[in-house]
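K.L.:
here is my input, please return the structure:
(chains A and B)
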Amino acid sequence: MMTEISLNILDVAENSTRAKAKVVQITVDIDEAKDLLTVIIKDDGCGMSEEQLASVQDPFFTTRSTRKVGLGVPFLKEAALQANGSFNIESELSVGTTVTTTFQIKNIDRMPLGDITSTIHQLVIYHPDTDFVYTYKFNDKSFVMDTREFREVLGDVPLDSREVSEYIKEFLTENKQATDDGKNI
Amino acid sequence: MKSLEELKAIRDKMQGQVGLRAESEASLRVVVGMATCGIASGARPVLTALADAVAEKQIKDCSVTQTGCIGLCQYEPIVEVIQPGKDKVTYIKMTPEKALEVVEKHLIGGQVITEYTIGNQLK
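P.N.:
Residues are numbered from 1 along each chain as shown, chains lettered A, B, ... in the order given. Coordinates of the predicted model:
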C-alpha cells in the first residue's frame, strides 16, 4: 500500500518508461469546486495486448521475473476506488497506454497527493532518455513542465547534470507554489 | 515563476565543460531499488537524500541511480553500493537518515556499515 497518491504516480509512470515510452504525459488536475482530483498518466510506449490489459489490474500478474506479484496498477486503482473515485486504463499495442484515475478530494479515505514535486523530479532525472510533460492544475490556475523545451534550450548539456537537476527542482517547486499558493491537498 | 532564461544561463555556463557525462563512467555506483516494493517502503526519500548528499559533498566518480525490483521486497528500501574489484554491499531497510550515514562512512570514509547490511540483518 502506498501512503501518497504521488507515490502511486511514480510507480505507474515507471511502467511507462519500461514500456519504452518516448513521451510520458502526467496531468494532476485539482478542482475543489467539483471536489475532484484527476490524475492522468499517458504514454506512447509499447502498449499492451487485450489479454495483458485485462490481467494488469490483477495483483497476481506482472511482467517481471523477480517476483510473482505486480501491485503497481492495483494499488493505484484501490487508492482511487476507496476515495469514491474511478479508475480507467486504455492501451493499444505499439500506440501506448493511458491510465485515468479520479478521487473525491474531501473523501476521508483519500490519501494525500503528497510530494508530487519529488515524484516528477525523480522521473525526469532518472530517465534522461524519456521526455515528460507534466501539467499541474489547481482550480483555475495551471503550469506545464515540458522536458522537450528544456532540452531545446540545453542542447548537449544533459538533463541529469547537477545544475540542471537543481533548476528543474526549483522550477517545479516555485511553479507549484505560484499555482496553488502552497495549498497541499 | 521560473523562466527558461535561467536555464539558458546554466547552459552557457556549462557548455564546454569537460567531463559532463563522466557520471556514467563513475567507479562508485549507488543503486536504489525503485519498483513498487521499494517505493511503497519509502525508497523515494532515500534516493533523494542520497542524490542530494552525493552532490553536496561533491563526491568524485560517484553515481546515484535507480533500478527495478531486486527480488528482496521484504527488505526494501534497498541500497546497493557497487565498486569495481570489491564485493557488492547491500544495505536493507534504509531510511534517509541511514542513507546519510552510508554517504559519510562508506562513500566518503570507505568503511562498510556492517550493521545495516543484509548479511548482518539476517543473522
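
K.L.:
three-state assignment of the residue lying farthest from the centre of chain A?
P.N.:
Taking CA atoms, centre = their mean, the residue of chain A most remote from its mean C-alpha position is A:Asp156, at 26.5 Å. Under DSSP: H, G, I helix; E, B strand; the rest coil, A:Asp156 falls in the coil class.

K.L.:
quick one, phi psi at it?
P.N.:
The phi and psi values for A:Asp156, taken as degrees, to the nearest 10, are phi -90, psi 10.

K.L.:
before we move on, what about A:Val133?
P.N.:
Taking degrees, to the nearest 10 as the convention, A:Val133 sits at phi -120, psi 110.

K.L.:
can you check the one 4 residues further on too?
P.N.:
Summarising the backbone geometry of A:Lys137 under the convention degrees, to the nearest 10, its torsions are phi -110, psi 130.

K.L.:
surely it and A:Ile30 touch.
P.N.:
Yes. Between A:Lys137 and A:Ile30 a contact is recorded at 6.4 Å, counting by CB atoms under 8 Å. Quick note: C-beta positions are derived from backbone N, CA and C, even for glycine.

K.L.:
more neighbours, those two?
P.N.:
Under the criterion of other CB atoms under 10 Å in any protein chain shown, the comparison of A:Lys137 against A:Ile30 puts A:Ile30 first, with 22 against 17.

K.L.:
how much space between the more buried one and A:Lys176?
P.N.:
Using CB to CB, to the nearest Å, A:Ile30 is found at 11 Å from A:Lys176.

K.L.:
what does A:Leu154 give?
P.N.:
22 Å.

K.L.:
and for A:Asn139?
P.N.:
A:Asn139 is 13 Å from A:Lys176, where distance means CB to CB.

K.L.:
what stretches of chain B score poorly on pLDDT?
P.N.:
B:16, B:18-25, B:123 (pLDDT under 70).

K.L.:
which residue ranges form the strands in it?
P.N.:
Using DSSP state E, the strands of chain B run over B:28-33, B:62-67, B:79-82, B:89-91.

K.L.:
get me the contact residues on chain B for chain A.
P.N.:
B:1-2, B:4, B:6-8, B:10-11, B:13-15, B:20-21, B:23, B:34-37, B:39-40, B:44-45, B:47-48, B:51, B:55, B:65-66, B:68-71, B:73 (CB under 8 Å from any CB of the partner chain).
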